[in-house]
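Colleague: sequence first, predicted model second:
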Amino acid sequence: MGILNHYSVQVDWGDCDPAGIVFYPNFYRWMDRGFWLLFESRSLTLEALKCRFGVFGGPLVDTGATFVSPARMGDQLTVTSFVENWSRKSFRLRHEFTCKDKEIASGFEIRVWGVKKADGAIRAGIIPDEVKALFI
């Protein structure tokens with residue numbers, strides 16, 4: 001499993017749909033935040049990624065989620081994020097959402113190592129082993 005990052009989300013009224021439960025796109029926003037906080041925990045901020053490795057973060061190429069229990073206004077969610085696996089040019093993150101130890105949802109993201117080419121296009125580059133080692 002490797003390095004885990006946890007953060008808390010207080011569910012606000014604006015996070016909910018008319019039924020009073022969290023509107024599902026918010027989970028994707030929170031997964032994106034989980035990615036950045038996980039990388040920042042290893043000193044890999046966007047600025048560090050650009051300067052040190054010449055990459056522009058981890059562009060998202062696939063994502064999905066499973067919703068188990070509703071989350072409602074006032075709930076305090078814990079988001080746990082980690083890199084599930086690495087491949088040559090991409091990596092898969094897992095995000096787990098709990099409320100008081102109750103499973104709420106889980107999701108995944110597949111991201112590529114975003115290298116900016118001379119023509120301005122962003123392409124998948126080879127992920128350095130030293131980056132992968134930071135998450136063991």
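Modeller: Happy to help now that I have it. Fair warning: this is a prediction, and the values are worked out from it, not measured in the lab.
Colleague: can you report how many residues neighbour G64?
Modeller: Around G64 there are 11 other residues, counting by other CB atoms under 10 Å. Using the backbone N, CA and C atoms, a C-beta is placed for each residue, glycine as well.
Colleague: is it bridged to anything, and to what?
Modeller: With DSSP bridges as the criterion, G64 is bridged to F108.
Colleague: quick one: it and A121, what's the gap?
Modeller: G64 sits 26 Å away from A121, going by CB to CB, to the nearest Å.
Colleague: over to M31?
Modeller: M31 sits 25 Å away from A121, taking CB to CB as the criterion.
Colleague: and N26, by the same measure?
Modeller: Here the criterion is CB to CB. By it, N26 lies 31 Å from A121.
Colleague: same question for W86.
Modeller: Note on W86: its distance to A121, by CB to CB, is 23 Å.
Colleague: likewise Y7?
Modeller: 33 Å.
Colleague: for those two, indicate the residue with more neighbours.
Modeller: Y7 (15 against 8).
Colleague: that one: helix or strand, and which one exactly?
Modeller: strand 5-10 (DSSP states H and E).
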